[in-house]
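S.K.: Model the following, please.
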Amino acid sequence: MKRLLDVLGCGALQLAARFFQWMPERLAGAVGSLLGWAAFYLHSRRSVAYADLKAALGGDLSEKERWALVRRQYGHFGRMFAEVLRIPATTRALLERNIRICGFERFSEAFAAGRGVVLMTAHFGNWELLQTVSGLLGKPVHVLNRPQKFERMNEYLNRLRETHGSVAIGRGIGIRDLLRALKRNQLIGILGDQDAGKTGGLILPFLGRKTTIPTGAFELAARTGAPVLPAFMIRREGMNHEIVVEQPILVKSGEEEAGAIQEAVGRYVGLLEGVIRRFPEQWLWATKRWKYSWTKRILILSDGKPGHLKQSQAVAAAFGEIRTQYGRPGMEYPTQTLEVRFRSAWRRKLFPWFALFWIPFVQGRLRFLRFFFEPGTQREIERASADFVISAGSSLVPLNLCLARDSRAKSIVVMKPSFPYNRFRFDLAIIPAHDRGAVPAKAVRTLLSPAQSDPGELGRAGERLGRRLRSPGRVRWSVFLGGATRRFDLDPEKIEAFFGILSQMADETGDYLVTTSRRTSDAIARRLKERLSRDPHCQLLVVANEDNPPGAVQGMMALAEVLVVTGDSISMISEAVRSGKKVMVVDLGRNLPVKHRRFTDLLAAKSVVVCAGPETFREQYAKISGTAGREAVELEFERVQSKLQEIL
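M.R.: Residues are numbered from 1 along each chain as shown. Below is the predicted model of the structure:
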């Protein structure tokens, strides 16, 4: 089948070449543009072009402008296709009429040293015509090219390239031919804008992301003493072009060669970036140029719930622990947080059903979501570009999928998506074991909700908070109270009984610190202030809805030996366990949801926490151990990080 396709394809190319060579020049260009525009609607790689264009220049363009630019790119390459097939009909007269050379004296001067010249260009403008121009000017170029998939078509294209004296050289053994050409003071041409694979070249920033840059041309230059001459062919209008010849780059050899090569590559990349930003429609975007990238941009979606945001941040932080890729260091993870605000509650409920049908068509059409989101959120949604989109909570799953589709990013969700999104494909779903029902295919089950645990930050937060306390060394307990959720609420009588017992135990064990959550009712907060203000063992009460100093929770975790958390806060329990301290889950409410009770029962069964009510608190305290929690944390971190490494 491949051979048949090769024969048919080569025949079609030859027929098209005769057709374009028969037509007048301008008509051939117009027909080529039409073919390019038609290819835009048929070619699946246009989505790659759009995503990479947005990543590189997204902040400067609207969605309509990006699509218009991608369409112009396809039109440009359609016209280029016609020009390449017309190479045999290209004459010196046509060259002088259609092509202007800026900096030609640099081209001539580069040969003065007699060591040959390395002509560096890119898949930009009509780079194929550069060798034709060079041949017509009396300086045939030896071009290093990558063999195409189909042998006959590749041979035919090489014959076209060699019409005016240029020599097509394959990779591998062809490098020897390049060295011989330089020693004969000849011109060699190399395309230097594609990646160097996962193990080759240098890792340098290119259009905002670190990726591999090939160094072969600069190594040849260092070895032979030939100057590297950057040159770019820019389409000005129709079939008219301008060749811009830049200042030559000289590469030192010897002991300083490695540093000199890196500096030279950096200079070339800077020139390439400049010309791409000026004429973005003339660069070949649809090539997965950043397939090997050491910059992974993370977008965190926040629904305004601190617990959900912390879980997403914990996943992003786990990425940060992965410092190498393909055995090479230099990984970086720029992270952006987008707080999602809907225009109204009913639009929030409607959005998942709209997104269900819109996700397949959403790329480049995020503007149609403005009906659902507040203007500020919508602006950030349209500008957002990422390699990974992370969200926690079912309400953000539809937007997660929309943004991942738009950027061709990988989608990571924390917690089980609700129906029908639990049937969708995600790159990774981190689902707590207490969530029941169908889960996505690529899911990892965890005992705890993701949470960050930085011992250094905990220690610093403890020092800051300790300066506010009268006797930080006497602190034994930190108590974290939740509040109303669904049908659950704290029970004032249980709270009174609990603090009565804790106060009695504090005579023997040490003092305690208390914080409420934003869900804690004002009535409960008032009773706590009245009750605890009389207790000398309470060194601190933080009422979250009145005064919530930064780092208070982390400081309380650092100072205490035992952390006591109410059972309604899954994320706080997870964070407490991850701190490495002893954790007790206390029942101080009514109608605790089944899912929350299942979560605490699972932790208790593995001795990660101890569960108690006010009446059993003293008894259960004697059973507490902190080692099981640390072991569970380490095991889960390794499992999650292994999954992240797989999708990186």
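S.K.: Break the chain into its domains for me.
M.R.: Annotated domains of the chain cover 90-282, 298-446, 455-634 [automatic domain parsing].
S.K.: what distance separates the start and the end of the longest one?
M.R.: Using CA to CA, to the nearest Å, one end of domain 90-282 lies 21 Å from the other.
S.K.: residue ranges of the helices in the stretch 151-300 of the chain, please?
M.R.: 151-161, 174-183, 216-224, 257-278 (DSSP state H, counting those that start in this stretch).
S.K.: A122: which of those helices is closest?
M.R.: helix 257-278 (5.6 Å; CB to CB). C-beta: built from backbone N, CA, C; applies to glycine.
S.K.: Just the C-alpha atoms of the closest one, please, in CSV.
M.R.: Output of helix 257-278 as CSV, limited to C-alpha atoms (Å, rounded to 0.1, in the frame of the first residue of the first chain):
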residue,chain,number,x,y,z
GLU,A,257,33.9,25.7,22.5
ALA,A,258,30.9,24.5,24.6
GLY,A,259,30.2,28.0,26.0
ALA,A,260,30.7,29.6,22.5
ILE,A,261,28.2,27.1,20.9
GLN,A,262,25.6,27.9,23.6
GLU,A,263,26.1,31.7,23.1
ALA,A,264,25.9,31.3,19.3
VAL,A,265,22.7,29.1,19.4
GLY,A,266,21.2,31.7,21.8
ARG,A,267,21.9,34.5,19.3
TYR,A,268,20.3,32.6,16.4
VAL,A,269,17.3,31.7,18.5
GLY,A,270,16.9,35.4,19.4
LEU,A,271,17.0,36.4,15.7
LEU,A,272,14.5,33.6,14.8
GLU,A,273,12.1,34.7,17.6
GLY,A,274,12.2,38.3,16.3
VAL,A,275,11.3,37.4,12.7
ILE,A,276,8.5,35.0,13.9
ARG,A,277,6.9,37.6,16.0
ARG,A,278,7.0,40.1,13.1
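S.K.: ok now do the residue nearest to V245 when sequence neighbours are not counted, which residues does it touch?
M.R.: Nearest residue to V245, sequence neighbours excluded (CB to CB, 6 or more residues apart in numbering): G103, at 3.5 Å. Counting by CB atoms under 8 Å, 6 or more residues apart in numbering, G103 makes contact with 244-246.
S.K.: just E380 next, same as before
M.R.: Going by CB under 8 Å, 6+ apart, the list of residues near E380 reads L338.
S.K.: And it, which helix or strand is it part of?
M.R.: helix 375-383 (DSSP states H and E).
S.K.: Could you check how far the residue nearest to V245 is from P536?
M.R.: In this view, G103 and P536 are 83 Å apart by CB to CB, to the nearest Å.
S.K.: what's the first-to-last distance across stretch 478-498?
M.R.: Criterion CA to CA; first-to-last residue distance in stretch 478-498 is 13 Å.
S.K.: so for that stretch, what's the average pLDDT?
M.R.: Stretch 478-498 shows a mean pLDDT of 88 in the predicted model.
S.K.: Assumed R526 was part of a helix.
M.R.: Yes. If the criterion is DSSP: H, G, I helix; E, B strand; the rest coil, then R526 is within a helix.
S.K.: do you know which of the domains of the chain lies nearest A30?
M.R.: Among those, the nearest to A30 by CB to CB is domain 90-282 (8.5 Å).
S.K.: quick one: that closest one to chain centroid distance?
M.R.: Relative to the centre of its chain, domain 90-282 is centred 31 Å away, using CA atoms, centre = their mean, to the nearest Å.
S.K.: cool, and stretch 337-347?
M.R.: Put simply, stretch 337-347 sits 23 Å off its chain's centre (CA atoms, centre = their mean).
S.K.: measure that stretch end to end?
M.R.: Using CA to CA, the two ends of stretch 337-347 sit 22 Å apart.
S.K.: Could you list the single helix or strand in this structure with the lowest mean pLDDT?
M.R.: Ranking every helix and strand in the chain by mean pLDDT, DSSP states H and E puts strand 167-169 at the bottom, with a mean of 72.
S.K.: counting contacts, what elements does that strand pack onto?
M.R.: strand 141-144, helix 174-183 (3 or more CB pairs under 8 Å, 6 or more residues apart in numbering; DSSP states H and E).
S.K.: go again using 10 Å as the cut-off
M.R.: Packing partners of strand 167-169 (3 or more CB pairs under 10 Å, 6 or more residues apart in numbering; DSSP states H and E): helix 127-136, strand 141-144, helix 151-161, helix 174-183, strand 187-191.
S.K.: Distance to A112 added to those, as TSV?
M.R.: Shown next, in TSV, are these (distance: least, CB to CB, whole Å):
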stretch	distance to A112
helix 127-136	17
strand 141-144	18
helix 151-161	27
helix 174-183	14
strand 187-191	13
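S.K.: weakest of those by average pLDDT?
M.R.: Across those, the lowest-scoring stretch is helix 151-161, with a mean of 75.
S.K.: what's it packed up against?
M.R.: Helices and strands touching helix 151-161, by 3+ CB pairs under 10 Å, 6+ apart, are helix 2-22, helix 63-85, helix 127-136, strand 141-144, strand 167-169.
S.K.: 7 Å - rerun?
M.R.: With contacts defined as 3 or more CB pairs under 7 Å, 6 or more residues apart in numbering; DSSP states H and E, helix 151-161 has these neighbours: helix 2-22.
S.K.: Report the secondary structure state of the residue lying closest to T509 once chain neighbours are set aside.
M.R.: Using CB to CB, 6+ apart and skipping the chain neighbours, the partner closest in space to T509 is R476 (4.7 Å). At R476, secondary structure determined by three-state DSSP is strand.
S.K.: So R476 versus R425, what's the distance?
M.R.: Computed with CB to CB, the distance linking R476 and R425 is 48 Å.
S.K.: residues making contact with stretch 365-379?
M.R.: Stretch 365-379 is contacted by residues 63, 340-343, 347, 351, 381-382, 402, 406 when judged by CB atoms under 7 Å, 6 or more residues apart in numbering.
S.K.: Let's see which of these end up in helices.
M.R.: Per DSSP state H, helices hold the following members of these: 63, 347, 351, 381-382, 402, 406.
S.K.: Those: which two are farthest apart?
M.R.: Maximum distance among the ones in helices among the contacts of stretch 365-379 (CB to CB): 20.9 Å, for E63 and R347.
S.K.: Tell me which of the two has more neighbours.
M.R.: Counted by other CB atoms under 10 Å, E63 and R347 do not tie: E63 has more neighbours, with 18 against 13.
S.K.: Contacts only, for the closest residue to that one other than its chain neighbours.
M.R.: Excluding the flanking residues, the one nearest E63 by CB to CB, 6+ apart is G364, at 5.1 Å. By CB under 7 Å, 6+ apart, the contact list for G364 reads 50, 63, 66-67.
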